[in-house]
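Participant: for reference, the sequence and a predicted model appear below.
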Amino acid sequence: MTAVSLEGVAKRFGPVLAVDGISLAIAKGEFVTLLGPSGCGKTTTLRLIAGFLRPSEGRIAMNGRHIESLPPHRREIGLVFQSFALFPHMTVADNVAFGLRMRGVAGEERRRRVGDALDLVRLVGLAESYPRQLSGGQQQRVALARALVIRPQLLLLDEPFGALDPQLREHLQQELKTLQKKLKLTTLFVTHDQAEAMLLSDRIAIMNRGKLEQIGWPKDIYEQPRSRFVAEFMGRSNLLHGKVTAIENGFAQVEAGTLTLEIPLEKARTGESVTLLIRPERVRLRRGPAVEGIGRCGGVVDSVFYLGSSLTYKVALADGTLLQATQSNTGEEGASGIEQGMAVQVEILQQACFSLKGDEAG
Amino acid sequence: MMERAEYRRGRLVSFLTALTLIFLVAPLVVLLMQSFTAESYLAFPPASYGIRWYRHIFSDDEWQRAILLSLGIAATVTPLSLGFGTAAALALDRGPLRGRRAFYTVLISPMILPGVVLGLGILRVFLWLDLTDRFLGFALAHLTITIPYAVITVGASLASFDRSAEEAARSLGASPWRAVWHVTLPMIRPGLVGGGIFAFITSFDEFIITYFLATYHLTLPIQIFNSLSYQLDPSIAAVSGLTIMITALLTTVLVFRGQVASGGRVLR
C-alpha cells in the first residue's frame, strides 16, 4: 500500500549536501508533512520527488516503480506552490484545463472534468475570470483544482498557505483536509509551521540540516521528541539538566537544581546525567507558600505574558533557573491572579517530563 | 519656509525639464512642419500647408523603392531577431553558469562596437561571400545589431519571470518545449513586444553598416543622406517626417503595451 517511497535519497549542490540520505514511505491516502526550518532541505526533497531535481544518490519510487529518471511531466504528480503559480494569461477554467489539454483530453470530457474540479473547490461562478481578478484564497483554490483535475498519484504542496493571512489560512487548511480525506489523496505537504503540520498531518517528518530527525504521529512527535531540535521546534519547552539519583520500579528520581522529579525512565543508571524536557503547559502554578516535595518547589514570578487564550509565566526557581509555565485563561482566580513578583508553588506532573538521550541533548 | 524652498526647487526642475524637452523636440517639430509645406522650397515656417510632398515621395520611384526596401528589411529582421534573441536569452537564463558572462558579452558586443568598425568588418566578410548590395546581405548585417536588443529585452523579462509557473506546467504534463510555448512565452510577452519594436526601429533607422554595403540598392536613411548632397527640396522633409512618425508610433505602442502588460502581470 506504499504509494511513494524514498530510499537513502541525497542531493548535493557542489560542496553542499542539501538532502542527506532520506528514507521515507508514504502510504496510499496518507497525509505526510515535511516540517522544518528554512534551509533544512524540505523544499529540495519536494523538488526531487516532483522531478525538477535529480537525486545524487538513492531511489524514489511511486507505486513500486522507480521514477528518478522520469521527467516531471510524466510523473503524474499534482503540485501547488506558495506563489500559486497560476497562468495569468489564462482564465480560471483554462488554468484548470491545462493539465487535461496536455494529456489530450478534449471536448465534453474536458469540460465536465474542469467543471467538477471547480465544483470541488467551490469556484464554479469564477470560471471565466482571470487570476488577477481573484483574491489570494481564490487563487490558491484554483491552484488546487488545477493540480487535482489530472487525478494525480501524489499531491505535493509547498507552503501553500504561506502567503495568506491567518484567518483565511485556517479556513483553507480545513478545506484541504476535508478534500484530502474525501478523495483519499496521497499528500506530501511542506511547511515550517508546526501548528499547521499538527492540524493537517497523519504523520509528520521533521527535517533538520538535510536529515530526517524524526517521523511519526503528531502526538508522538510532540510528546516524545527524540532530540532537542525536535523538542524545541515542535513547541516551547523547558530543558533541565539533572542527574539520576535513584531508580525504583521503572521510575528514576532525577535531581535538577532545586527540583526533584520522578519520571519513567527505562535503562537509566544511577549517577547518569539526563536532559529533561518539560512542556510549559504542563507546569502548574499555584499562589501561596511552597510545599517542597517530588515535582514541587517554590519560585518567584519573573514575568507574565498575556496571550489572550492563555497566559505564559516565567518563574525563577531558587537556583536561578527560569521555568516557563503556560496556563489556559479560564477566567478562574487561580489562573489570572498570578502577578509579577509573586511567590508561587510550582508543580510538575509526572507525565509532563521526558528525557532526551544524552548524546542528542546538545 | 521649507515649503517655499521646495516649491522653488520644483519650479526650477520643471523649467530645466521643459528646456531639455524643447532642445530635443524642437528640431523634429521644425522638420515635421516643413514636411507639410505646400510650396516647392524649404522654408520655416512654411507659407502654406498641404500633403503635396508626402504624395510625391509615395509616387516617386526612387523614394518608393527606398521605403519598401527599408520596411521589407525591418519586417524580415524583426521576427528573426526575436527568434534568435529569445533562444539565446533562454539559453543564458537556463544554461550552465560557466561562461555565461562571456557568452552574453559576445552576444551584445555589436551594440557596443563602433558602427564604423562593425561596418568595415562586415563589408570585408560580405565582399568575400558576395553579400554586398543585396537584400539578404542588408538583413544579415542588421541582424547583428538587432539580435542584441532582443537578447537584452527578453533576457530582462526572463530574469523577473517566476519559474514556478513553468514548473507548474511541467507537473501538469507539459514537455519542456510545450511549457515554454504555452506558459513562459505568453508570460514574457511585454519583453517580446519590446524587443521586436526595438529591433524594427533599429533596422529601419540603420545607416552606418548599411552604407558600407549599399551601392545601387539604397535603404531609406541612405537615400535621404544621398539626396541631401545634390538637392534640398521638401521631399527630404517628408521622408524624414515619415520616419519620425513610424518611430513615434512604435515607441508609443511600446510605452503603452509595457504598462498594460506589467499591470496585467501582477498576481497578488
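Facilitator: Everything's here; your move.
Participant: so who does the closest residue to residue A:70 other than its chain neighbours touch?
Facilitator: Take residue A:70 and drop its neighbours on the chain: the residue closest to it by CB to CB, 6 or more residues apart in numbering or on different chains is residue A:51, 6.3 Å away. For glycine as for every other residue, the C-beta is placed from the backbone atoms N, C-alpha and C. Residues in contact with residue A:51 (CB atoms under 8 Å, 6 or more residues apart in numbering or on different chains) are A:67, A:70-72, A:75, A:77, B:170-171.
Participant: up against chain B, what does chain A have?
Facilitator: With CB under 8 Å from any CB of the partner chain as the criterion, chain A meets chain B at residues A:50-52, A:71-75, A:77-79, A:81, A:83-89, A:98-99, A:102-103, A:131-132, A:136, A:139, A:143, A:146-147, A:150, A:156, A:163.
Participant: of these, select the buried ones using a PyMOL command.
Facilitator: Burial among these is assessed by 16 or more other CB atoms under 10 Å in any protein chain shown; the matching PyMOL selection reads:
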select buried, chain A and resi 50+51+52+72+73+75+77+78+79+81+83+84+85+86+87+88+89+98+99+102+103+131+136+139+143+146+147+150+156
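Participant: tell me which of the residues of chain A next to chain B fall in helices.
Facilitator: Of the residues of chain A next to chain B, the ones assigned to helices by DSSP state H are A:50, A:98-99, A:102, A:136, A:139, A:143, A:146-147.
Participant: can you lay out these as TSV showing pLDDT?
Facilitator: Shown next, in TSV, are those (pLDDT from 0 to 100):
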residue	pLDDT
A:50	95
A:98	96
A:99	95
A:102	95
A:136	90
A:139	94
A:143	95
A:146	96
A:147	95
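Participant: tell me which two of those sit farthest apart.
Facilitator: Largest separation among these by CB to CB: A:102 and A:136, giving 26.2 Å.
Participant: for burial, what's the neighbour tally of residue B:105?
Facilitator: 10 (other CB atoms under 10 Å in any protein chain shown).
Participant: doesn't it belong to a helix?
Facilitator: Yes: under DSSP: H, G, I helix; E, B strand; the rest coil, residue B:105 sits within a helix.
Participant: would you check which pair of the contacts of residue A:51 lies furthest apart?
Facilitator: Of all pairs drawn from these, the greatest distance, 14.1 Å, lies between A:67 and B:170 (CB to CB).
Participant: neighbour count winner among those two?
Facilitator: residue B:170 (26 against 19).
Participant: give me the helices and strands touching the strand or helix carrying the more buried one, please.
Facilitator: Taking DSSP states H and E as the criterion, residue B:170 maps to helix B:163-171. In terms of contacts (3 or more CB pairs under 8 Å, 6 or more residues apart in numbering or on different chains; DSSP states H and E), helix B:163-171 is packed against strand A:77-80, helix A:136-148, helix B:176-179.
Participant: who's in contact with that helix?
Facilitator: Contacts to helix B:163-171, defined as CB under 8 Å, 6+ apart, come from residues A:50-52, A:71-73, A:75, A:77-79, A:81, A:83, A:85-88, A:98, A:102, A:143, A:146-147, A:156, B:176, B:178-180, B:182-184, B:187.
Participant: residues contacting residue 148?
Facilitator: Looking at chain A here, since you left the chain open. Per CB under 8 Å, 6+ apart, neighbours of residue A:148: A:78, A:117, A:120-121, A:155, A:179, A:183, A:185.
Participant: correction: the question concerned chain B.
Facilitator: B:85, B:107-111.
Participant: now the residue of the stretch 1-150 of chain B found nearest chain A. Its backbone dihedrals?
Facilitator: Closest residue of the stretch 1-150 of chain B to chain A, CB to the nearest CB: residue B:97 (10.7 Å). As for residue B:97, its main-chain torsions (degrees, to the nearest 10) stand at phi -70, psi -30.
Participant: please apply the same query to residue A:86.
Facilitator: Torsion angles at residue A:86 (phi, psi; degrees, to the nearest 10) stand at phi -70, psi 160.
Participant: who are the contact partners of it?
Facilitator: Applying CB under 8 Å, 6+ apart to residue A:86 gives the contacts A:95, A:131, A:139, A:142-143, A:146, B:165, B:168, B:267.
Participant: okay, among these, which ones form the most distant pair?
Facilitator: Checking the contacts of residue A:86 with CB to CB, the most distant pair is A:146 and B:267, at 14.3 Å.
Participant: what parts of the stretch 101-250 of chain B come near chain A?
Facilitator: B:162, B:164-165, B:167-176, B:178-179, B:182-183, B:186-187, B:189.
Participant: again, only this time at 10 Å
Facilitator: B:162-176, B:178-179, B:182-183, B:185-187, B:189 (CB under 10 Å from any CB of the partner chain).
Participant: pull out the buried members of those.
Facilitator: B:164-174, B:179, B:182-183, B:185, B:187.
Participant: what's the closest non-adjacent residue to residue A:98?
Facilitator: residue B:172 (5.3 Å).
Participant: my read: the one you found touches residue A:105, true?
Facilitator: No: contact criterion CB atoms under 10 Å: residue B:172 and residue A:105 do not qualify, at 11.7 Å.
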